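A.B. asks: return a 3D structure for these sequence lines:
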Amino acid sequence: MSKKFIPYANEADVLHIGGLTVENRLDRITLSGDIDLTQDQAGLEHARELYKLLGDVLVKLEAQSLPTKLPPPKVKKVANPFE
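C.D. replies: Sure, this is the predicted structure:
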């Protein structure tokens, strides 16, 4: 990870690890895409990046008093500006 990614710090940070996209949110981390952890130097580097990311997420989560489950996010409808 070239840029410092602080879990749950903002709604803007995005990481790319292989074909995996990691999006930072204030109440969740979203992982999408796929990644192959191949038995080579590239696979090792990807595994290290994921290990660091998940370690940082665990530290943040374990330091808090957490609810059993978050409510679903609020969804707002907005007018289509192109109509």
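
A.B. asks: what segments of this structure are helices?
C.D. replies: Assigned by DSSP state H, the helices in the chain fall at 41-62.

A.B. asks: specify the residue positioned farthest from the middle of the chain.
C.D. replies: Here the centre of the chain is the reference, and by Cα atoms, centre = their mean the most remote residue is residue 83, at 33.9 Å.

A.B. asks: average pLDDT across stretch 9-24?
C.D. replies: Mean per-residue pLDDT for stretch 9-24: 96.

A.B. asks: pull it out as PDB, backbone CA atoms only.
C.D. replies: Output of stretch 9-24 as PDB, limited to C-alpha atoms (Å, rounded to 0.1, in the frame of the first residue of the first chain):
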ATOM      1  CA  ALA A   9     -11.400   7.600   8.600                       C
ATOM      2  CA  ASN A  10     -13.200   9.100   5.600                       C
ATOM      3  CA  GLU A  11     -15.500   8.500   2.600                       C
ATOM      4  CA  ALA A  12     -12.800   9.000   0.000                       C
ATOM      5  CA  ASP A  13      -9.900   6.600   0.200                       C
ATOM      6  CA  VAL A  14      -9.700   3.800  -2.300                       C
ATOM      7  CA  LEU A  15      -7.000   1.100  -2.500                       C
ATOM      8  CA  HIS A  16      -6.300  -1.300  -5.300                       C
ATOM      9  CA  ILE A  17      -4.600  -4.600  -4.500                       C
ATOM     10  CA  GLY A  18      -4.400  -6.700  -7.600                       C
ATOM     11  CA  GLY A  19      -7.900  -6.800  -9.000                       C
ATOM     12  CA  LEU A  20      -9.400  -6.000  -5.500                       C
ATOM     13  CA  THR A  21     -10.800  -2.600  -4.800                       C
ATOM     14  CA  VAL A  22     -11.000  -1.500  -1.100                       C
ATOM     15  CA  GLU A  23     -13.200   1.500  -0.400                       C
ATOM     16  CA  ASN A  24     -13.000   3.400   2.900                       C
END
